[in-house]
Each structure stands twice: as structure tokens, then as C-alpha cells.
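[1] One predicted model, sequence on top.
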Amino acid sequence: TSIASRIAYILVLLVGMQGISGFIMYYIVPKFEAIYKDFNVGLPTITLMVIHAAQFLTSFRVLLAFLPLVELGLLIALPFSFLAWGTYSVPVFDRLLERRHTALVLRCLSLFVEGGKPILMGLSTLADHYPTYWVRRRLRHAHSAVLGGLHWIEALRKNRVIRASDAAVLASAEAVGNLAWALSELAETAERRLAIRFQLVTQTLFPLVVVMLGIVVFILAVAYFLPLVGLIENLS
């Protein structure tokens, strides 16, 4: 929730900045240019730099037209992906949360073991019904490998569903009869470590992104305010 809220905050800022900047560049700046031309006065250098940058960006107008739509789409999809309100997955972000899928798979398998069901049945069920396609594909390969005679732990490791360290813990737990507990504990550990890592990343990058956006806002504010100051000085 914390990660999703920070990403949503950045997206809202970007959408707002793009909308306000587009409005000013389309309606206000041409009037500035016309007024300064009438007074035979040049616009401030920073204003000209911003105008030239905007004119350069207009050469990518197709991309600029779709960018706000993509940002709004991410704003809508983020709650569903991060808060588990549905089976939606945000591209790229979902790949970064691979360990979350590992935790879900391990927790599901622990339920099968606790219920006295064979692991092969659990793999078959997950391979058919897991909501994320690329995880489901890996589970299908693992299930096929188990049917071919490979041990289920090794099949999950080879298909990158679990790590080598997970495989070692599961093998030891299976040997002593604590497999259900080990599956559940590994799931909780994977989720806890993933949350800590993402918190560290967001705590580091979030202030930097906010400062960068603040610098952009400052430059735009100065570029749009200086023409008014210059015009008032010329009139006085």
C-alpha cells in the first residue's frame, strides 16, 4: 500500500504538471510573445529556453498524446495490482514482484500438504488456475517435469519458481516431515524481505523524484513569471 501510494502520488503530479504546462504553452505563451512583440521587447532567456524545449517536445506529439493516458491507466491499475483487489497485473511492476508470486505458490502448496493432498495435485491445480500467465507457464513446465520423473523441488527450482536456497530448505524439511511449516515460513519470509527491499528503494528514490519535479516546477514558474515582471518594468 505504501509503495502504491507513492507511485500514485508521482503519477498525479506528472499528470497535473503536463496539463497545466500544456495549457500555458498553448494559450498563455503566444499572448506573451504577441505583447512583447508589440512593445518591441525580447522575452527573457529562460522563457525562450522553455519555449524552445516545448517546441522540441511537440515533434513527439503522438507520444505526448498517449503519455497521460498511460499514466491514468497506471493510476487505475495500481490499486488492483498492489492491494490484491483483483487478478490484474501492471506490466514491468509485476515482474519486479516475482518473489510475491513465489510466496503465493509456496503458501498454496502448504495448504495442499496440510490437507494431506499430494504435491503433484497442487502443482496441477496452480498450473491450470494461477492468475498470472507467466507464472502459470513456469508451473506448467514444472508439472510436466515432475510427471517426467524429476523431483518436484528440483522442478520448481529449474523453472525459476523458487530459488536454490528455498530448494535446500524444502528438501531438509521434507526429510524431517516439516514440509507444510517450511512452505508457509518461506512464503512469509519472501513477502517480508520483498516489502523491506521495496521500502528501501522507495524511501531512497521518492525524495529524489520529488526534488527533480520541484526543480522543473521552479524553472517553469520563473520562465512564466519573468515576462510579467519585465513587462511591468517597461510600462513603468
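    Cool, got the structure.
[2] where are the low-confidence patches of the protein?
    When residues are selected by pLDDT under 70, those of the chain lie in 1, 80-94, 236.
[3] Look through it and tell me its longest helix.
    Longest helix in the chain, counting residues (DSSP state H): helix 179-235.
[4] need the contact list for residue 181.
    With CB atoms under 8 Å, 6 or more residues apart in numbering as the criterion, the residues that contact residue 181 are 110, 173. Every C-beta, even on glycine, is put in place using the N, C-alpha and C of the backbone.
[5] From residue 169, how far off is it?
    In this structure, residue 181 and residue 169 are 11 Å apart, going by CB to CB, to the nearest Å.
[6] go on, residue 153?
    Between residue 153 and residue 169 the distance, using CB to CB, works out to 10 Å.
[7] got it, and residue 215?
    Relative to residue 169, residue 215 is positioned 47 Å away (CB to CB).
[8] Those two: which has the busier surroundings?
    residue 169 (19 against 10; other CB atoms under 10 Å).
[9] The more buried one against residue 182, yeah?
    Yes - contact criterion CB atoms under 8 Å: residue 169 and residue 182 qualify, at 5.7 Å.
[10] Give the burial count for the residue lying closest to residue 24 once chain neighbours are set aside, as a bare number.
    The shortest distance from residue 24 to any residue other than its chain neighbours is 6.1 Å, reached at residue 224 (CB to CB, 6 or more residues apart in numbering). For residue 224, the tally of surrounding residues (other CB under 10 Å) stands at 18.
[11] just checking, residue 224 touches residue 28?
    Yes - distance between residue 224 and residue 28: 7.0 Å, which falls inside the contact criterion (CB under 8 Å).
[12] ok, which stretches of the chain are helices?
    Taking DSSP H as the criterion, the chain contains helices spanning 2-23, 29-38, 45-57, 61-82, 93-96, 98-114, 119-129, 133-147, 152-158, 164-176, 179-235.
[13] buried sites along the first one?
    For helix 2-23, burial by neighbour count (16 or more other CB atoms under 10 Å) applies to 3-4, 6-7, 11, 13, 15, 21.
[14] same deal with the second one?
    Buried residues in helix 29-38, counted by 16+ other CB under 10 Å: 29, 32, 36.
[15] wait, doesn't the first one sit right on residue 53?
    No - using CB under 8 Å, residue 29 and residue 53 do not qualify as a contacting pair, with a distance of 11.8 Å.
[16] ok, residue 69 to residue 105 distance?
    When distance is defined by CB to CB, residue 69 is 34 Å away from residue 105.
[17] Looking at those two, which one has more neighbours?
    Counting neighbours by other CB under 10 Å for residue 69 and for residue 105 shows that residue 105 has the greater number, 24 against 10.
[18] From residue 150, how far off is the more buried one?
    17 Å.
[19] Cheers, nothing more for now.
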